[in-house]
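Student: structure for the following, please:
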Amino acid sequence: MATAQVNGVRLHYVLEGEGPLVVLLHGWPQTWYCWREVIGPLATGHTVLAPDLRGYGLSDKPPSGYDKRTMADDVRALAAHLGHRRIALLAGHDRGARVAHRLALDHPEEVERLAVLDVVPTREMFTRPDAGVARGYWHWLFHLQPDLPELLVGGNIEAYLRWFFERWTANRPAVEAAVPTYVRAFSAPGALRAGFDDYRATFPDDMEADEASAAAGQRLHMPVLALWGETGLPSRLPVLDIWRRYADDVRGQPIAACGHFLPEEQPQEVVRQLLAFLEG
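Tutor: Here you go, the predicted model:
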C-alpha cells in the first residue's frame, strides 16, 4: 500500500505484480478492498493497480472534483506516476465503471481493453425512467440531494450501508466479513459527503459530458467486457444491447449466484472472465 500526490489530490493505492498494467476501480460504498481476492491472481504476469478513488478510503476527500472526467484524470495521472502510459485492462465496478467509461472515451489510445461490472452507461439510466428502474435505483436520486443524505445517514452509517450489502447480494457471507472495513472507511471525516458528491456530479457535469460525447459520435472502439450479477439490478435490463449502442466490440454475460458485488461474491469467476478477456 502507498500514496501518491497526482492531479492535485493524494491517492491511496495497492500495487502488485509485474507486466502490462491492469487497473481495478471500485464502486460505492466500497474501497480498493473489494478487489482483495482478485488482485493476486491477476498479478501473475501483470502489474495490478487498485486505487481508492478520490473521496474514498484513504485517499483525499476534497470539496470538488467528483465529475467522472476529473476522477478519470486522477487514475490516469496515478498510472503515469507509476510509469505506465497504457492500460492493458481497465476494469471498473459500479461507480468505478463510470470513471473507467469516461477515461476510455477521453483517452482511447491509452486503454487497450475495458471491463464494466454491473452497470450500464450513466446516460442510459436517465433515459429509462420506468417504474422498475426507479425502484432499483432510488438511492441514486436520494444521493443527488444536497445535504439531506448526510443529515439522515450520518448518525447511523453502519445501518445504511448494511441495507445495501444485505439486499444487493446473492452470496452475502462473501461480503459480510468486509462490511466493518467499509463502515470504518465511510465513518472517516468527509467520507460520507464525498461518496454522495460522487453521485451529485451526475448533474450537470457527468450528463453534460456524456451527452457531448454522444452528440460527437464518440464510441468505444476497444474490446468491452460487460459482466453483471444474475440477481443484480442490471439483470432487469438488456445489458449487452445497451452497451452495443456505445461500443463496437462488446461481449459479456451474467455471473451465476451473484448479486451486485461481483468481485467479492464470485471473485474466482471474475478472475476467470478477466483473464480470458486479457488473453483475447
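
Student: and the residue of the chain positioned farthest from its centre, how far from Val183?
Tutor: Distance from the C-alpha centroid of the chain peaks at Gly155, with 26.0 Å (C-alpha atoms, centre = their mean). Applying C-beta to C-beta, to the nearest Å, the value for Gly155 to Val183 is 13 Å. Using the backbone N, CA and C atoms, a C-beta is placed for each residue, glycine as well.

Student: quick one: neighbours of Leu141, just the number.
Tutor: Counted with other C-beta atoms under 10 Å, the neighbours of Leu141 add up to 12.

Student: that one: helix or strand, and which one exactly?
Tutor: helix 138-143 (DSSP states H and E).

Student: state the distance from the residue farthest from the centre of the chain to Glu166.
Tutor: Distance from Gly155 to Glu166, by C-beta to C-beta: 19 Å.

Student: what do you get for His84?
Tutor: When distance is defined by C-beta to C-beta, His84 is 38 Å away from Glu166.

Student: okay, these two: which has more neighbours?
Tutor: Using other C-beta under 10 Å as the criterion, His84 and Glu166 rank with His84 on top: 17 against 12.

Student: now the helices for the stretch 101-250 of the chain?
Tutor: Along the stretch 101-250 of the chain, counting by DSSP state H, counting those that start in this stretch, helices occupy 122-125, 131-136, 138-143, 148-153, 157-167, 172-176, 179-187, 191-200, 207-215, 239-243.

Student: adding distance to Gln5, write these out as a markdown table.
Tutor: Compiled in a markdown table, the helices of the stretch 101-250 of the chain are given as follows (distance: least, C-beta to C-beta, whole Å):
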| stretch | distance to Gln5 |
| --- | --- |
| helix 122-125 | 28 |
| helix 131-136 | 38 |
| helix 138-143 | 28 |
| helix 148-153 | 27 |
| helix 157-167 | 28 |
| helix 172-176 | 32 |
| helix 179-187 | 20 |
| helix 191-200 | 18 |
| helix 207-215 | 25 |
| helix 239-243 | 35 |
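
Student: show the contacting residues for Pro234.
Tutor: Asp118, Val119, Val120, Trp228 (C-beta atoms under 8 Å, 6 or more residues apart in numbering).

Student: cool, Thr44 as well?
Tutor: Gly17.

Student: convert the C-alpha atoms of the helix or strand bottoming out on mean pLDDT in the chain to CSV, please.
Tutor: Using mean pLDDT, DSSP states H and E, the weakest-scoring helix or strand in the chain turns out to be helix 131-136, at a mean of 84. C-alpha atoms of helix 131-136 as CSV (Å, rounded to 0.1, in the frame of the first residue of the first chain):
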residue,chain,number,x,y,z
ALA,A,131,-41.0,2.0,-12.5
GLY,A,132,-38.5,-0.8,-12.4
VAL,A,133,-35.5,1.4,-12.8
ALA,A,134,-37.0,3.8,-10.2
ARG,A,135,-37.4,1.1,-7.7
GLY,A,136,-34.0,-0.3,-8.2
